[in-house]
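Asks: Give the three-dimensional model of this entry:
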Amino acid sequence: MDKTVNVGVIGLGGRGYNMLRGELLKLDYVNVTAVCDFYEDRMENGQKAVQEVRGYTPFGTTDYKEIIDRDDVDMVLIFTAWESHVDIAVASMKAGKYTGLEVGGAYCVEDCWKLVDTQEETGTPFMFLENCCYGEKELLVMNMVKQGLFGEIVYCEGGYCHDLRGEVAGGKENRHYRLRNYLTRNCENYPTHDLGPISKLIGINRGNRLTSLTSFSSASKGMHSYILENKADDKELLNATFAQGDIIKTFITCENGETIVLTLDTTLPRCYSRQFTVRGTKGMYMEDINAVFLDSEHHQYHEHSFNPLWDNAKEYKEKYHHPLWGDPEKLYGQGHGGMDFLVLSAMFDSYFNNTHPPVDVYDAAAWMCVTALSEISIKEGNKKMDFPDFTRGKYLDRKEHSEGLFSLEF
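Replies: The predicted structure is shown next:
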């Protein structure tokens, strides 16, 4: 690729540093010209990474505004704590920098409107870096759905099911934002890994939209039990009361009639899963057993004999794998099994070709606001909450972006 882009990276904690070292510095068309973190040692680590790989030291600062103001920064990538996402993204768009934002939930619906209004007012391209939209299983199923194998989709499930007790409990030592959030908030705090791929599959913001949600929370027991067993010497943490419920269930309705169920499950013992499940009139897919059930092929398994189909999705990969996963072996070694490379490639493809970002500001607003709405719903006795239409009616004719993830070539 003859073209290059100058990138400023803001936020160099675990996620930001890994994206810098593990992904961005491997792309020869990316020049990392500036790095920033609130903590000086993290900023310096970012500088060292660029120096070691590229042989030069980028500009470094602890003030994100200095990154945004630089003439040698064309694109700003934001990997900071959740609380600062919106303010930095808004400032970046106002400065005319192509803006890439790491995922996370919103603290209020007004913040989602800020993102949308700023993008519309400035015209600055904005890409939401939801890597799970590019997962191999998610794209395999999306391709099968697009080809009609599952019939009409009526129900989907997804989850962020990830044992994060150690990460949360180590928040003080590791300066991790999850600890303060889990102490003070009770909500579906990380909805986009599961909701993003589902939204792409059923055309949210592209002929369909999210209309309402209701959220439910279990008790909060997991963190205290974990701390009692593993960090009892930390008296402050041992005596802390965690607001975050152990399991959050969120039920979402859509304008075209689909129902979506999301699960947040991060403070009890468990294995990792995104619980990606798709149900249609002709078939289904279940991630936890990696199984496809098609009425036309598997009718003999209708009753009590589904076990022989477990892990049969791999049998459909050769015929239905998504074009983006043309050679999976080349992607498996990349971050998060290839998803990080693909979402960044989609963003850079959009930048160089001046095309609409495939995961745009309307997607970000619709998915992020689940956090804010769920918090109110739980607090007010599982109250039904209505979704704003962040597209202001444009979702009805946004057919030009209906393919979303399918236009990328690299």
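Asks: do you know how far T277 is from L164?
Replies: Distance, T277 to L164, by C-beta to C-beta, to the nearest Å: 22 Å. No exception for glycine: its C-beta is placed from N, CA and C like everyone else's.
Asks: So for the two, which residue has more residues nearby?
Replies: T277 (20 against 17; other C-beta atoms under 10 Å).
Asks: how about the nearest residue to the more buried one, chain neighbours excluded?
Replies: With C-beta to C-beta, 6 or more residues apart in numbering as the criterion, T277 has its nearest non-adjacent residue at 3.9 Å, and that residue is E157.
Asks: Which strand or helix spans the one you found?
Replies: Under the criterion of DSSP states H and E, E157 resides in strand 153-161.
Asks: about what we covered before: is it correct that the residue nearest to T277 is in contact with V261?
Replies: Yes: counting by C-beta atoms under 8 Å, E157 touches V261, with 4.8 Å between them.
Asks: mind listing the strands for the stretch 101-250 of the chain?
Replies: With DSSP state E, counting those that start in this stretch as the definition, the stretch 101-250 of the chain shows strands at residue ranges 126-128, 153-161, 210-217, 247-254.
Asks: Looking at those, which one is packed in the most?
Replies: Using mean count of other C-beta atoms under 10 Å, the stretch among the strands of the stretch 101-250 of the chain with the greatest mean number of neighbours is strand 126-128 (a mean of 26).
Asks: Partner strands of it, with direction?
Replies: Its sheet considered, strand 126-128 pairs with strand 98-101 (parallel) by DSSP bridges.
Asks: Average pLDDT for the strand it pairs with, rounded please.
Replies: Strand 98-101 carries an average pLDDT of 98.
Asks: Please shift the residue numbers so they start at 10 in all later answers.
Replies: Yep, numbering from 10; the last one is strand 107-110 now.
Asks: May I see the buried residues of it?
Replies: With burial defined by 16 or more other C-beta atoms under 10 Å, the residues of strand 107-110 counted as buried are Y107, T108, G109, L110.
Asks: Which one of those is nearest to T380?
Replies: L110 (14.3 Å; C-beta to C-beta).
Asks: Surely the closest one is in contact with A373?
Replies: Yes: counting by C-beta under 8 Å, L110 does reach A373; the two are 6.6 Å apart.
Asks: Find the residues that touch each one of the two.
Replies: Common neighbours of L110 and A373, counting by C-beta atoms under 8 Å, 6 or more residues apart in numbering, are F135, F137.
Asks: I'd like to know how far G113 sits from V39.
Replies: 23 Å.
Asks: Also W319?
Replies: Distance from W319 to V39, by C-beta to C-beta: 41 Å.
Asks: which one of these two has more residues nearby?
Replies: Applying other C-beta under 10 Å to W319 and V39 shows that V39 carries more neighbours, namely 21 against 12.
Asks: ok, the more buried one touching V18?
Replies: No: between V39 and V18 there is no contact under C-beta under 8 Å: 10.1 Å.
Asks: Common neighbours of these two, please.
Replies: L33.
Asks: tally of neighbours for Q309?
Replies: When neighbours are counted by other C-beta under 10 Å, Q309 registers 8.
Asks: From F315, how far out is it?
Replies: Distance from Q309 to F315, by C-beta to C-beta: 11 Å.
Asks: before we move on, what about C121?
Replies: From C121 to F315 the distance is 40 Å (C-beta to C-beta).
Asks: Which one of those two is surrounded by more residues?
Replies: Set side by side, C121 and F315 show more neighbours around C121, with 28 against 14, by other C-beta under 10 Å.
Asks: Find me whatever residue is spatially closest to the residue most central in space within the chain, sequence neighbours aside.
Replies: Nearest residue to the geometric centre of the chain (C-alpha atoms, centre = their mean): E139, 3.5 Å. Once flanking residues are discounted, E139 sits nearest to G205: 4.1 Å by C-beta to C-beta, 6+ apart.
Asks: again with R279
Replies: Nearest non-adjacent residue to R279 (C-beta to C-beta, 6+ apart): D172, at 5.4 Å.
Asks: What residues does that neighbour make contact with?
Replies: Taking C-beta under 8 Å, 6+ apart as the definition, contacts of D172 comprise T275, T276, L277, P278, R279, C280, Y281.
Asks: Give me the pLDDT for the nearest residue to the last one once chain neighbours are set aside.
Replies: Counting by C-beta to C-beta, 6+ apart, Y281 lies nearest to H171, which is 5.3 Å off, once chain neighbours are set aside. Note for H171: predicted pLDDT of 98.
Asks: Report the contact partners of H171.
Replies: So H171 contacts D274, T275, R279, Y281 (C-beta under 8 Å, 6+ apart).
Asks: Helices of the stretch 160-309 of the chain, start to end?
Replies: 174-178, 180-183, 186-193, 201-211, 231-239, 244-247 (DSSP state H, counting those that start in this stretch).
Asks: returning to what we had before: just the buried members of the contacts of D172?
Replies: Buried members of the contacts of D172, counted by 16+ other C-beta under 10 Å: T275, T276, L277.
Asks: which one of the residues you listed is nearest D369?
Replies: T275 (27.5 Å).
Asks: For that closest one, which residues are in contact?
Replies: T275 neighbours (C-beta under 8 Å, 6+ apart): Y169, C170, H171, D172, L173, R174, V177, Y199.
Asks: pretty sure F159 contacts M153?
Replies: Yes: the pair formed by F159 and M153 meets the contact definition of C-beta under 8 Å, at 6.3 Å.
Asks: any shared contact partners between these two?
Replies: In contact with both F159 and M153: Y294, using C-beta under 8 Å, 6+ apart.
Asks: In this protein, what helix or strand scores lowest on average pLDDT?
Replies: In the chain, no helix or strand scores lower on mean pLDDT, DSSP states H and E than helix 337-340, which sits at a mean of 58.
Asks: and the next element down the chain from it?
Replies: helix 348-362.
Asks: Give me the angle between that next one and helix 201-211.
Replies: Helix 348-362 runs at 60 degrees relative to helix 201-211, counting by axes from the mean of the first three to the mean of the last three C-alpha atoms, to 10 degrees.
Asks: what residues are up against the closest residue to K291 other than its chain neighbours?
Replies: Once flanking residues are discounted, K291 sits nearest to G160: 3.2 Å by C-beta to C-beta, 6+ apart. By C-beta under 8 Å, 6+ apart, the residues touching G160 are G289, T290, K291, G292, D304.
Asks: Could I have the buried ones of those as ChimeraX selection syntax?
Replies: Applying 16+ other C-beta under 10 Å to those, the buried members can be selected in ChimeraX as follows:
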select :289,292
